[in-house]
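Trainee: one predicted model, sequence on top.
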Amino acid sequence: MLKFFKMAILGLFISLNASAQQPYLMFIDKAGNRVDNKILANSYMVIKKFDDSAWMVKEFDMRDTILSSAFYKDEKLSIPTGKYISYEKRTPLNGFDIQGDTLNHVKASGYFLNGKKTGEWYEFLNGKKQYLKTYKDDIANGLSQTFEPTTGAVLLEGNYVNGKKSGEWRMKTPEGAELYTDTYKKGKMISHVNAVSDFKSAVMPFDLYTYLKRKAPLFKTPDHAGTLVLNLKISEKGIVTDVKVDQTVDIDFDELLVKAFMESPKWKPAEYKGEKIESTYRFTINIVDMVRIVDIMN
C-alpha cells in the first residue's frame, strides 16, 4: 500500500512538471511590437506556459535588468491575472553620497483579475512606499494613502467609492499631527476643517541664496534643468540632524546643499499645540534651464 502511494505521488509530480513547458524568448522594440531581430530589440520577454490559462512573463532590458513580472491567462498576453510587479532603476543615495552603479527597485505592485486591477496597489519611490490605492474591477474603491517617502508615515488618507473620493480625507504631518480634514460626497468636497493652527512648521532662519554665497563663494546652480528634493530632520531644539536626498539634480550641487543644511544655524523648531517638537521638512528646489533661476518652495 505504501509503495503504491509513493508511486502515485511520483506519477503526480511527473504529470505536473510535464504540463509546464520550457520557457521561450520574445524580443520587443521601443514601440512595444514583437521583432525577430535581436539588434532591433529594446527589451525581451521570458515566457513560460504552465497550462492553457496560465502564462508567466518576465520582461528584461537588453542588459538583463528586470523591468516587470506578470501572469496572463491567454496566449496573446492580453489579459493579465495574478501578481504584477514593475521595476525601475534608481541611483543609490545615502545622504549626498552617490556611489556605484544603479539599483533596481520595485516601482509598482498589485494584482489583476481577468485583466482588471483588484485589491491593493502600491507605488514606490526608491523602493519605499509612496502611494496606496485600492481597486475593484479597475476602479478605485476603498482605502487610499500617501506616504512620507523617508519615514513611511501616512500623510494623506481617505476612501474612494466607484472612482470618486468619499467621506473624510485627512492630511497629517509626518509626526502624525492633523493639518486638515476634507469631506467628500461623490467626488465633490462639501467641507474643509483646518487644524493647522495646532501645528507650526519649522522655519528656516536665513535666506538660502545669501547663506550659500557666503559659505561657498563659487556657488552656482547647475547649467541644466532639474528638481532637487531634500528631506530634512530638525530636532525640537532647531538643529538639523539629518538630510536625505530623495531626488537628485546634480551630484556637486546636491552635496553642497546637504552640507550647507547640516552646518546651518539653528532653525525655529516646529510646534504642536504650543510645544516644540522634532519634525521633518521637505525641501524642493527647481532649476530652470539656461536662465539659472532657483525657485525655492517648501
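Mentor: Looks like it came in fine.
Trainee: shaky segments in the protein?
Mentor: 1-20, 90-102, 196-197, 288-298 (pLDDT under 70).
Trainee: can we see that at 80?
Mentor: 1-21, 89-103, 126, 149-151, 175-177, 195-199, 218-226, 273, 286-298 (pLDDT under 80).
Trainee: what's the domain layout of it?
Mentor: 20-198, 201-297 (automatic domain parsing).
Trainee: same list (those domains) but as TSV, adding mean neighbour count.
Mentor: Heads up, the C-betas are built off the backbone N, CA and C, glycines and all. Supplementary listing: the domains of the chain in TSV, determined by neighbours: other CB atoms under 10 Å:
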stretch	mean neighbour count
domain 20-198	15
domain 201-297	16
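Trainee: quick one, strands of the stretch 151-298 of the chain?
Mentor: With DSSP state E, counting those that start in this stretch as the criterion, the stretch 151-298 of the chain has strands at 154-161, 164-172, 178-185, 188-194, 199-200, 226-234, 240-247, 270-272, 275-277, 279-288, 293-297.
Trainee: give me the sheet partners of the first one and which way each runs.
Mentor: The reference is to strand 154-161. Strand 154-161 has the following strand partners under DSSP bridges: strand 139-147 (antiparallel), strand 164-172 (antiparallel).
Trainee: which residues are in contact with that strand?
Mentor: By CB atoms under 8 Å, 6 or more residues apart in numbering, the surrounding residues in contact with strand 154-161 are 133-134, 140-148, 165-174, 182, 184, 186.
Trainee: equivalent analysis for the shortest one, please.
Mentor: Where contact means CB under 8 Å, 6+ apart, the residues beyond strand 199-200 that reach it are 173, 177-179, 270-272.
Trainee: looking at the strands of the stretch 151-298 of the chain, which is nearest to residue 26?
Mentor: The stretch from the strands of the stretch 151-298 of the chain with the least distance to residue 26 (CB to CB) is strand 240-247; that distance is 34.1 Å.
Trainee: quick check: angle from the closest one to strand 226-234?
Mentor: Orientation check (axes from the mean of the first three to the mean of the last three CA atoms, to 10 degrees): strand 240-247 against strand 226-234 gives 150 degrees.
Trainee: CA atoms of strand 240-247 as PDB?
Mentor: Only the C-alpha atoms of strand 240-247 are listed here, as PDB (Å, rounded to 0.1, in the frame of the first residue of the first chain):
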ATOM      1  CA  VAL A 240      19.300  69.900  11.500                       C
ATOM      2  CA  THR A 241      20.200  66.300  12.500                       C
ATOM      3  CA  ASP A 242      19.800  64.600   9.100                       C
ATOM      4  CA  VAL A 243      19.400  65.400   5.400                       C
ATOM      5  CA  LYS A 244      18.400  62.800   2.800                       C
ATOM      6  CA  VAL A 245      18.300  63.300  -1.000                       C
ATOM      7  CA  ASP A 246      15.000  62.000  -2.400                       C
ATOM      8  CA  GLN A 247      15.600  63.300  -5.900                       C
END
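Trainee: that strand: how far from the chain's middle?
Mentor: Put simply, strand 240-247 sits 17 Å off its chain's centre (CA atoms, centre = their mean, to the nearest Å).
Trainee: partners of that strand, with directions?
Mentor: Strand 240-247 is paired, per DSSP bridges, with strand 226-234 (antiparallel).
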